[in-house]
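Trainee: The sequence isn't on hand, but the structure is:
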């Protein structure tokens, strides 16, 4: 009697699980979206724990009860774990480098996903749009920005006319090299070594023909965008929070960046036939103007906006963070001296950068915090020390290299304390779910 009203073989219902009534296919698409977005956030240079915290917030918005996230510098692992079902995906893509405008767009997408659910298909479209974004300004503006960054850091390190002039020239050379090597695979990877080789080669050839050798400050200024100060500081933060794998990986990578720079310098010295310590010849002392470092801070900020294609509204916030970093370094050096200047400055800029992002509606902290760390130049002493280590003054090289490690640790600890201050007074932005072992134990328990 019911043959006309009920089909003999009704179609099977789409499988669902406890994740808000979504089908397995829908959860798979959502998983893919969170996975890609997590990898995009990692490419901004953010600490792994911050990426995991953001992904867990998104999972709560999507009403996912059991969600695991594990982020490493080049790997993201996410899964939805239920008592009767298990879905796992991971990505290990490498080589993704984002400009500041792409970083801002990535954080905007993450913020939107933390506030309300976004259709996974639409979210993936936004991710692909971010990756395909073209620079707001042309390549000449990017090169000009690199020149301004180099001149700015030269004014901060040693405000002398000869240093600034040489820094502008080398900044132009390195800026053109970065344009030529963009998106060229292994050439991009070897760019720090190539840039250091070219800069050192020109310097030594000038010295060989009777011109004064460029001081180390010019070399540091022209290579400042390659110095891994930010990477090493973030690595220290991760190690302090218990991210042994992420922190250790970043730390080794940062040290290798310094080695690559020194190898380029040594190759040039061997080719020209001059000793490596010729690179360390100090320039003549000039009259130091009190306003020169602050002019350098201004040029440093404007150069970053042009070189990394940041949005124009980012400039005031970036300049504010750079001024805080410079003032903190000066005050810390006057009050405590030595390594404490970087520690004091990092302790100030960290909560201020989070305040700008989360409380004042400014750009992401990675856009303002990273240039501020570069201004502290924690890697410059390491470059000098390693050059001395392979030159004639090995004892000075070892001493400077050890001093660099202490400076890096001090800056990292300052960032940890600054993050703790912001977490205590406002809202937690860096929460750890546990170590890798804890995540895997939870994964195995839920699987059973």
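Mentor: Alright, I've got the coordinates. What you see is a predicted model, and the numbers here were worked out from it, not measured in a lab.

Trainee: From here on, just use CA atoms for contacts and neighbour counts.
Mentor: Will do.

Trainee: What count of nearby residues applies to residue 244?
Mentor: If you count neighbours by other CA atoms under 10 Å, residue 244 ends up with 17.

Trainee: Relative to residue 72, how far out is it?
Mentor: Residue 244 sits 10 Å away from residue 72 when distances are taken as CA to CA, to the nearest Å.

Trainee: Tell me which helix or strand residue 319 sits in.
Mentor: Per DSSP states H and E, residue 319 falls inside helix 314-335.

Trainee: counting contacts, what elements does that helix pack onto?
Mentor: helix 292-307, helix 340-358, helix 365-376 (3 or more CA pairs under 8 Å, 6 or more residues apart in numbering; DSSP states H and E).

Trainee: any chance of the ones you listed in JSON lines, plus distance to residue 429, mean neighbour count and mean pLDDT?
Mentor: Shown next, in JSON lines, are the helices and strands packed on helix 314-335 (distance: least, CA to CA, whole Å; neighbours: other CA atoms under 10 Å; pLDDT from 0 to 100):
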{"stretch": "helix 292-307", "distance to residue 429": "25", "mean neighbour count": "24", "mean pLDDT": "92"}
{"stretch": "helix 340-358", "distance to residue 429": "8", "mean neighbour count": "24", "mean pLDDT": "89"}
{"stretch": "helix 365-376", "distance to residue 429": "11", "mean neighbour count": "25", "mean pLDDT": "86"}
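
Trainee: I'd like those laid out as a markdown table, including distance to residue 269.
Mentor: Below are the helices and strands packed on helix 314-335 laid out as a markdown table (distance: least, CA to CA, whole Å):
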| stretch | distance to residue 269 |
| --- | --- |
| helix 292-307 | 29 |
| helix 340-358 | 32 |
| helix 365-376 | 27 |
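
Trainee: Of all those helices, which one is nearest residue 420?
Mentor: Taking CA to CA as the criterion, helix 340-358 is the member of the helices and strands packed on helix 314-335 that comes nearest to residue 420, at 8.4 Å.

Trainee: tell me the angle the closest one makes with helix 365-376.
Mentor: For helix 340-358 against helix 365-376, the angle by axes from the mean of the first three to the mean of the last three CA atoms, to 10 degrees is 160 degrees.

Trainee: now helix 340-358: how far from the chain's centre is it?
Mentor: Remark: helix 340-358 is offset 15 Å from the chain centroid, using CA atoms, centre = their mean, to the nearest Å.

Trainee: Can you name the residues in contact with it?
Mentor: 317, 321, 324-333, 362-365, 368-369, 372-373, 376, 407, 410-419, 421-422 (CA atoms under 8 Å, 6 or more residues apart in numbering).

Trainee: Kindly recompute the last result at 7 Å.
Mentor: 321, 324-325, 328-330, 332-333, 362-365, 368-369, 376, 407, 410-411, 413-415, 417-419, 421-422 (CA atoms under 7 Å, 6 or more residues apart in numbering).

Trainee: Likewise for stretch 360-369?
Mentor: Under the criterion CA under 7 Å, 6+ apart, residues 46, 100, 104, 107, 314, 317-318, 321, 349-350, 353-354, 356-357 lie in contact with stretch 360-369.

Trainee: Test for you: state the pLDDT assigned to residue 264.
Mentor: pLDDT recorded at residue 264 is 85.

Trainee: From what I see, it and residue 197 are in contact.
Mentor: Yes - Residue 264 lies in contact with residue 197 (CA atoms under 7 Å); the separation is 4.1 Å.

Trainee: Please identify the helix or strand for residue 71.
Mentor: strand 67-72.

Trainee: Specify which member of the contacts of stretch 360-369 is nearest to residue 232.
Mentor: residue 46 (12.3 Å).

Trainee: mind checking the SS state of the closest one?
Mentor: coil (DSSP: H, G, I helix; E, B strand; the rest coil).

Trainee: and if you look at residue 114?
Mentor: Assignment for residue 114 (three-state DSSP): helix.

Trainee: pretty sure it contacts residue 55?
Mentor: No - Residue 114 is beyond contact range of residue 55, at 8.3 Å (criterion: CA under 7 Å).

Trainee: what about those two, which has more around it?
Mentor: Neighbours per residue (other CA under 10 Å) separate residue 114 from residue 55, with residue 55 holding more: 26 against 19.

Trainee: Give me the buried stretch members for the helix or strand that one falls within, please.
Mentor: Assigned by DSSP H and E, residue 55 belongs to helix 48-61. Buried residues in helix 48-61, counted by 16 or more other CA atoms under 10 Å: 48-60.

Trainee: Which elements pack onto it?
Mentor: For helix 48-61, the packing partners by 3 or more CA pairs under 7 Å, 6 or more residues apart in numbering; DSSP states H and E come out as helix 24-43, strand 67-72, helix 100-115.

Trainee: So what angle separates the directions of that helix and helix 100-115?
Mentor: 40 degrees.

Trainee: Before I go, just wanted to say thanks for your time.
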